[in-house]
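**Student:** I'll drop the sequence and a predicted model, then ask my questions.
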Amino acid sequence: MAATQRCVFRLALFALVSVCVSVPAQKRQQQQEEQVNDAFHFPAAGDETLAPRAFTPLKVGAITPKGWLLKQLKLQAEGLSGHLSQFWNDIENSIWIGGNGDGGLHERAPYWLNGIVPLAALLQNSGEELLPGTVGIYKTKMNHVGNSSLCTEGTDFPYNDLQSFNVNSTAECQQRCIENALCESFVVNDCDPKNIFCWLKSSSAKQSGGGTRQEKCRCYGEVPYKPPPPVNITEQAWKYVNYIRGHQQPNGWLGPQDNLKDGNIYWGRSNVMLSLASFAEAYPSEFENVTKVMMNYMMLAKDMLNASNPPLAGWAAARWIDMALAAEWMIDNAPQGQTAALLEYATLLHNQGSNWEQWFETFTGNAGGHNVNNAQAIKSSGVWYRVSKNETLHQLSKNRMANLDKRVGLPTGMFNGDEIIPDPPTRSPSRGIELCGVVEAMFSYNTLFSIHGDVMFADRAEKIAYNALPATWASPTGGDMWAHQYLQAVNEINAIKADPHVWTHDGDMAETYGLEPNYGCCTANFNQGWPKFASMVFYTTSDNGIAVGIWAPASATVGGSTIDIDTNYPFDDTASVTVVAKTAMNVYLRIPAWATAATVNGQPTKNGTMFKVPCNAGNNNILVNFKPDIRVERWGDGDETTMPYSVLRGPLLFSLPIEGNYTLTAHHFGTGVQSSNDYEVRPLSPWQYALVLDGQSPFDVKINGYIANTAPFNHTGWPITISATVRSLPSWGTAMNSAAAPPASPVCESPGVTCGPPQQVTLVPHGGTDLRIGEFPKA
């Protein structure tokens, strides 16, 4: 399906879900909306200030990632993130840089740039600006250096054939290999000058450790590679930002010429604003120019929304929150004497946008159930609180997390939303959540933490990042970031072209791994996940201190003081914090709600709080021991006596890994393991088990330790595992190519159910699995 056609389909789907109800139902719904809207109307405070954030994130570029976090960011840059601009048409030839890609919504290059800019800054800080590239089949074919000694006579290299054909000379065979990006060696049969035959090989004797043999009428030659150009994320970020800001129209408009009478056109520019804000922070020399570009666009958009043009519509109406967030960033950082106008712009966005406060309380109204809209809108109450200053919004921020959990929640911290949140609601572990929703929810919860200061929001962002985000990536290599899903499930026994399928609004390829399964929005939007998360590890406080909001290995310098976290968390239980303070200051440490026995420098702390540590000028050493217990939580559908169980420890969900059989279904770019491919994955190991929870079969934790410079969420050699007791449950079947709902607990006591004897299985971090079971019935 063409890009434009796909965008039209999604727009149609949005409209269908929002308004396709019968006329009587429509009247009832309208009456209900009018009745409820008054209760969820929070006007702007009316002054020219914003409520301060509880914790202010450091500027993009202020944080230096280390350890496993740096490795994860490098894997992202070495995978799809760093190469999309080389081969994926919607980025490589984006309409935002004068090409013809990214039609329709024009959202994909902005999505990508929203992650690439902070990724570039983080890698630059760590001295990892240049990363190894890979040779792609869509790149210029000059990947090889010719060899003057063409080949070795009397030598054959069997197998590994790419192509075979007749040629006029040995030199022609070598040239054909040079011109084929996948060719690494060649063999010719040159005994008969009138009938020379050429074989192109996908490997070489040097790479395979031998394999040649003596053979008459054979001549074997290798074609050395010219090293591919390195991946330079910084260079990519500058290229796109420079083009966008350099092509602003005199009236302030940015990007493609669209129908200015379309209330949906503002959405494509939303992530451009966030990208430019990050760029201005990361590169101070560009701050003045970039913020003027942003101001010119925002003032035009304000005037357009104030005039006789149609109001916000479609995706723009649903996603007004990020546009308002960008306006608030301008007020905080570059108001240029336009604070009142920026507040007017933010108020127009809020008033013309969807009413998310009503939606998350009652699940009625004009906002609707699109999963990504919901994930972005989780932060609407916090974003609007800064303008409204109504404390009720703080409580609504807390309520929405609980309301989503109750209706459609998952043990990964996410919620079910296979395009649309299920209606009627279900917490089925076989239903899916979209990758776009995952990264948007991470950013939303971190934003709520920053604005309100409640530990519960940072806890949730961390839980999603350490479970749901890595669980949507898999390949035969394991742990890289070359192939992702559109939808992921907690209980996922197949990743195949599924017809029929349990999800309701996406195509049959939605759970396969690849470049752009089902739809390409997540290929562009995933890029913000890890970089924005890493950029919100540290915050400044109102008393000129530093707060640790996310636990990960990183360091930063703030106002002449430095803070450094040395840890393998979440794969280990402790974190060493070193503060070199310029003057006496307070440091605030997030103690997660689950850390009921945590200590700081050996002293007990209260969980679910920001623990204050007064630091003296000079060196201060702080040891945090989280002391996590294993938790068995109830998720899924059913009541308190029948719901399935999940096993967690610290922020990690532990799942049963199912060995996967990979089938390559398409190749897009690259060579060897550094390739963009599409895969189907089928199970090779048993998965039908019930969890023994009799008090007599304790879990056994084994901390193997994170090995430096390895993939943090690798799919083998896990840094931490849990041994659990289970009983086989052959009667637990499948439904529509997915695992059926977990049978009601306790299943082995049910009439007619036969369970096997107790046995041990190994549970691993959920994010380190190809296929898995994360919710079990109780035996």
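**Tutor:** Alright, I've got the coordinates.

**Student:** contacts, neighbours, all on C-alpha from now
**Tutor:** Noted.

**Student:** where does the protein dip in pLDDT?
**Tutor:** When the per-residue scores of the chain are filtered using pLDDT under 70, the ranges that remain are 1-36, 134-148, 181, 207-209, 225-228.

**Student:** elements contacting the longest helix anywhere in it?
**Tutor:** Looking across the chain with DSSP state H, the single longest helix is helix 287-306. Where contact means 3 or more CA pairs under 8 Å, 6 or more residues apart in numbering; DSSP states H and E, helix 287-306 is packed against helix 267-282, helix 320-333, helix 339-352.

**Student:** Please identify the most buried of those.
**Tutor:** A comparison of those by mean neighbour count, using mean count of other CA atoms under 10 Å, puts helix 267-282 on top with a mean of 24.

**Student:** how about the longest helix of the chain: buried residues?
**Tutor:** Across helix 287-306, burial judged by 16 or more other CA atoms under 10 Å covers 287, 290-299, 301-302, 304-305.

**Student:** Let me have the helices and strands packed on helix 287-306 in TSV, extended by distance to Asp572.
**Tutor:** Shown next, in TSV, are these (distance: least, CA to CA, whole Å):
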stretch	distance to Asp572
helix 267-282	31
helix 320-333	35
helix 339-352	43
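
**Student:** Out of those, which is closest to Asp637?
**Tutor:** Nearest to Asp637 among the helices and strands packed on helix 287-306 is helix 320-333; the distance by CA to CA comes to 31.5 Å.

**Student:** ok so, going back, which one of the buried residues of helix 287-306 sits closest to Gly670?
**Tutor:** For the buried residues of helix 287-306, the nearest to Gly670 is Val290 (34.7 Å; CA to CA).

**Student:** residues contacting Ala277?
**Tutor:** With CA atoms under 8 Å, 6 or more residues apart in numbering as the criterion, the residues that contact Ala277 are 290-291, 326, 329.

**Student:** pull the CA atoms of stretch 68-77 into CSV?
**Tutor:** These are the backbone C-alpha positions of stretch 68-77, laid out as CSV (Å, rounded to 0.1, in the frame of the first residue of the first chain):
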residue,chain,number,x,y,z
TRP,A,68,25.2,-0.6,29.8
LEU,A,69,23.2,2.6,29.0
LEU,A,70,25.9,3.8,26.7
LYS,A,71,26.1,0.4,25.1
GLN,A,72,22.3,0.5,24.5
LEU,A,73,22.5,3.9,22.8
LYS,A,74,25.4,2.7,20.6
LEU,A,75,23.4,-0.4,19.6
GLN,A,76,20.6,2.0,18.6
ALA,A,77,22.9,4.2,16.5
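
**Student:** Just the residues contacting that stretch, thanks.
**Tutor:** For stretch 68-77, contacts defined as CA under 8 Å, 6+ apart pick out 82-83, 119, 123, 126, 128, 131, 231, 233, 480-481, 527, 530-531, 534, 552-554, 568, 706, 708-712.

**Student:** Among these, name the ones in strands.
**Tutor:** Counting by DSSP state E, the part of the contacts of stretch 68-77 found in strands is 131, 231, 554.

**Student:** Adding distance to Pro335 and neighbour count, write these out as CSV.
**Tutor:** Below are the ones in strands among the contacts of stretch 68-77 laid out as CSV (distance: CA to CA, whole Å; neighbours: other CA atoms under 10 Å):
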residue, distance to Pro335, neighbour count
Leu131, 37, 17
Val231, 36, 21
Ala554, 31, 25
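
**Student:** could the residues you listed be laid out in CSV, adding distance to Trp199?
**Tutor:** Below are the ones in strands among the contacts of stretch 68-77 laid out as CSV (distance: CA to CA, whole Å):
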residue, distance to Trp199
Leu131, 33
Val231, 32
Ala554, 51
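
**Student:** Mind listing what's buried along the top strand by length along the chain?
**Tutor:** Within the chain, and with DSSP E defining each element, the longest strand by residue count is strand 660-671. Neighbour-count burial for strand 660-671, with 16+ other CA under 10 Å as criterion, is recorded at 660-662, 668-671.

**Student:** Pro424 in helix, strand or coil?
**Tutor:** Each residue gets one of three states, and Pro424 gets coil by DSSP: H, G, I helix; E, B strand; the rest coil.

**Student:** Number of residues surrounding it?
**Tutor:** For Pro424, the tally of surrounding residues (other CA atoms under 10 Å) stands at 7.
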